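Enquirer: Need a 3D model of the following:
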Amino acid sequence: SSGLPFVCLTAAKSLCGAMTDFTIRTRKFKQNPLLGRKQFVLDIIHPGMANVSKKDLATKLASMYKVHDSQCIQLFGFRTAFGGGRSTGFGLIYESLDK
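Expert: Numbering: from 1, shown residues only. The predicted structure is shown next:
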C-alpha cells in the first residue's frame with residue numbers, strides 16, 4: 001500500500017508539469033515570398049521550466065499566426081540562456097507543405 005501514494009504523486013507531478021505557461025515573442029520577422037515562407041527569431045520566456053518542447057511551441061505559433069497545418073512550421077537552433085527561464089531559436093512558417 002505504500003507504493004500507491006508514490007505512483008499517484010508522480011502522475012500528478014507529470015500532469016502538472018506537462019503544460020505550464022510560457023510566452024513567445026517574435027523578432028526580426030520577415031516575409032520571404034520567393035521561398036513562400038515567413039521567417040523569424042523566437043524569444044521564449046519559460047520561468048520554472050528547463051525548456052519548452054518544439055511541439056508545444058508549434059501549436060502555440062499555429063494559433064498565433066492562424067496556420068492550418070502545424071507541419072508547415074519548422075523550429076530549430078534553440079539555445080537556453082544561462083540560468084534558465086529564457087530561450088531563443090529560429091522559426092519558419094511555410095505557406096504549404098509543397099514548398
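Enquirer: so where's the chain shaky on pLDDT?
Expert: Scanning the chain for pLDDT under 70 picks out the ranges 1-20, 99.
Enquirer: which residues of it fall in helices?
Expert: 3-18, 54-64 (DSSP state H).
Enquirer: quick one: buried residues of the shortest one?
Expert: Read that as helix 54-64. Lys54, Asp56, Leu57, Ala58, Lys60, Leu61, Ala62 (16 or more other CB atoms under 10 Å). Glycine gets a C-beta too; all of them are placed from N, C-alpha and C.
Enquirer: Identify, from these, the entry nearest to Ile24.
Expert: The closest of the buried residues of helix 54-64 to Ile24 turns out to be Lys60 (CB to CB; 5.9 Å).
Enquirer: Quick check: closest non-adjacent residue to that closest one.
Expert: Excluding the flanking residues, the one nearest Lys60 by CB to CB, 6 or more residues apart in numbering is Ile24, at 5.9 Å.
Enquirer: Contacts only, for that neighbour.
Expert: Leu42, Asp43, Ile44, Leu57, Lys60, Leu61, Met64 (CB atoms under 8 Å, 6 or more residues apart in numbering).
Enquirer: And the residues you listed, which is closest to Thr80?
Expert: For the contacts of Ile24, the closest approach to Thr80 (CB to CB) belongs to Ile44, at 9.1 Å.
Enquirer: In this model Leu57 seems to touch that closest one, though I could be wrong.
Expert: Yes: when contacts are counted by CB atoms under 8 Å, Ile44 is listed as touching Leu57 (6.9 Å).
Enquirer: all strands for this protein, in order.
Expert: Counting by DSSP state E, the chain has these strands, from start to end: 23-32, 37-45, 73-80, 86-94.
Enquirer: how far out from the middle of the chain is the second one?
Expert: Strand 37-45 has its C-alpha centroid displaced from the chain centroid by 10 Å (CA atoms, centre = their mean, to the nearest Å).
Enquirer: From the contact counts, what lies against it?
Expert: strand 23-32, strand 86-94 (3 or more CB pairs under 8 Å, 6 or more residues apart in numbering; DSSP states H and E).
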